[in-house]
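A.B. asks: Just to be clear, the model below is a prediction. Sequence and coordinates:
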Amino acid sequence: MLDFFHDEEPWQEALAPGALILRRFVQQDDLVLYQEINRIAMQHPFIHRVTPGGFTMSAAMTGCGAAQWVSARDGYLNTRETIALNQTFLDLAKRAAATAGYADFIPDSCLINRYAVDSKMTLHQDKNERDLTQPIVSISLGLPAIFLFGGLMRSDKTAKVLLEHGDVVVWGGASRLCFHGILPIKAGIHPLTGPYRFNLTFRQAL
Ligand SMILES: O=C(O)CCC(=O)C(=O)O
Ligand SMILES: [Fe+2]
């Protein structure tokens with residue numbers, strides 16, 4: 001893959017108390033992650049969920065692990081039909097969490113979002129998980145995106161952060177319930193993922 005910065009050493013950037021960006025943390029594992037996303041999508045195709053307010057989400061979703069997120073209203077569905085979290089996924093998520101100071105992270109689920117051009121995610125809190133002492137580990141692959149990261153109130157000022165291929169954001173502790181979102185994705189073609197951005201969020205949901 002032609003990537004000018006492919007050999008760059010990963011580095012870290014503080015985002016907020018309890019929140020850290022691990023730049024290029026999964027860059028070396030991008031192909032394995034992408035192949036696993038495709039394997040999962042063969043069994044559980046990406047779908048556009050409808051919010052409780054009746055809006056169809058622009059990002060398409062699938063996932064793996066013990067629980068599947070249904071909606072902000074209905075939370076997680078504990079289902080036997082989901083695909084197990086594979087070892088590479090688990091190892092990476094735990095290693096990222098530990099690097100950010102969350103050594104006890106035990107993810108049981110991974111939600112996968114696929115963003116095409118103009119797809120976005122409006123500001124929200126991840127609060128359907130049962131144990132909020134466990135962090136969120138969020139991996140970005142493919143096209144870049146602007147990530148908004150705010151405070152505990154929707155109206156709080158948000159930081160705008162460019163997330164690129166291979167970056168990981170971990171948030172927990174004082175930041176666990178911070179509002180966050182994704183601005184509309186700009187058109188582009190990524191060497192690995194084509195016209196898409198993928199995001200994987202690892203959680204202990206149940
Ligand atoms: O796509 C992202 O980077 C964030 C996704 C997200 O916030 C979520 O799935 O809850
Ligand atoms: Fe979220």
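C.D. replies: Received, thanks. Numbers count the residues shown, from 1 in each chain. Ligands and ions are numbered 1, 2, ... in the order given.
A.B. asks: so where's this structure uncertain?
C.D. replies: 1-7, 68-81 (pLDDT under 70).
A.B. asks: my read is Leu90 is in a strand, agree?
C.D. replies: No: assignment of Leu90 by DSSP: H, G, I helix; E, B strand; the rest coil gives helix, placing it outside any strand.
A.B. asks: Who are the contact partners of Gly172?
C.D. replies: Contacts were defined as C-beta atoms under 8 Å, 6 or more residues apart in numbering; by that measure Gly172 touches Gly18, Ala19, Ala97, Ala100, Tyr102, Thr133, Gln134, Pro135, Ile136. Every C-beta, even on glycine, is put in place using the N, C-alpha and C of the backbone.
A.B. asks: And for the residue in the chain that ligand 1 sits nearest to, the neighbour number?
C.D. replies: At 3.3 Å from ligand 1, Asn199 is the closest residue in the chain, using C-beta to the nearest ligand atom. Other residues near Asn199 come to 22 when the count uses other C-beta atoms under 10 Å.
A.B. asks: hang on, the earlier thing: just the closest of the contacts of Gly172 to Asp29, please.
C.D. replies: Distances from Asp29 to the contacts of Gly172, taken as C-beta to C-beta, are shortest for Ala97 (15.4 Å).
A.B. asks: Can you classify that closest one as helix, strand or coil?
C.D. replies: Using three-state DSSP, the three-state assignment for Ala97 comes out as helix.
A.B. asks: surely it meets Phe105?
C.D. replies: Yes: Ala97 lies in contact with Phe105 (C-beta atoms under 8 Å); the separation is 3.5 Å.
A.B. asks: Packing partners of the helix or strand that contains Met61?
C.D. replies: When elements are assigned from DSSP states H and E, Met61 belongs to strand 60-65. Under the contact criterion of 3 or more C-beta pairs under 8 Å, 6 or more residues apart in numbering; DSSP states H and E, the helices and strands touching strand 60-65 comprise helix 30-43, strand 109-115.
A.B. asks: For the ones you listed, give me JSON lines that also has mean neighbour count.
C.D. replies: Below are these laid out as JSON lines (neighbours: other C-beta atoms under 10 Å):
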{"stretch": "helix 30-43", "mean neighbour count": "15"}
{"stretch": "strand 109-115", "mean neighbour count": "23"}
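A.B. asks: Good, wrapping up.
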